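*Asks:* Sharing a model that was predicted from the sequence below.
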Amino acid sequence: MPGVYVGLAFLEGIQYKSVLSIGYNPYFLDVPLSIEVHLYKEFEEDFYGKRLNLIITHFLRPESDFRSFGKLYN
């Protein structure tokens, strides 16, 4: 089900709290189904190409469309 979820992410064996969006990104003109994960940690460098394991723990809310880009953060 598309929406916003809370979970745990494991990157190189280290556990991080995370929030993830599963959906079609309606504000960005409905791209194909995607998963976007945000880890609660500031990283010094990118970790593209690294293995990331996820455990989804619970559902927060359904996917939403926003009238402006600024409303995504309010």
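*Replies:* Noted; the coordinates are in hand.
*Asks:* okay, CA-based contacts and neighbour counts for the rest of this
*Replies:* Will do.
*Asks:* could you check the distance from residue 58 over to residue 1?
*Replies:* According to Cα to Cα, to the nearest Å, residue 58 and residue 1 sit 12 Å apart.
*Asks:* Check which helices and strands the worst-scoring helix or strand of the chain on mean pLDDT sits against.
*Replies:* One helix or strand of the chain scores below all others by mean pLDDT, DSSP states H and E: strand 34-39, with a mean of 89. Judged by 3 or more Cα pairs under 8 Å, 6 or more residues apart in numbering; DSSP states H and E, strand 34-39 is in contact with strand 14-23.
*Asks:* Run through the neighbouring helices and strands of the strand it packs on.
*Replies:* Taking 3+ Cα pairs under 8 Å, 6+ apart as the contact cut, strand 14-23 packs with strand 3-11, strand 34-39.
*Asks:* what separates that strand from the chain centre, distance-wise?
*Replies:* Distance, stretch centre to chain centre, for strand 14-23: 5 Å (Cα atoms, centre = their mean, to the nearest Å).
*Asks:* Name the residues that touch that strand?
*Replies:* 1-10, 32-41, 63 (Cα atoms under 8 Å, 6 or more residues apart in numbering).
*Asks:* Now with 7 Å, please.
*Replies:* Strand 14-23 is contacted from outside by 2-10, 33-40, 63, using Cα atoms under 7 Å, 6 or more residues apart in numbering.
*Asks:* What subset of those is buried?
*Replies:* Burial by neighbour count, judged by 16 or more other Cα atoms under 10 Å, picks out 2, 3, 4, 5, 6, 7, 8, 9, 10, 37, 39, 63 from the contacts of strand 14-23.
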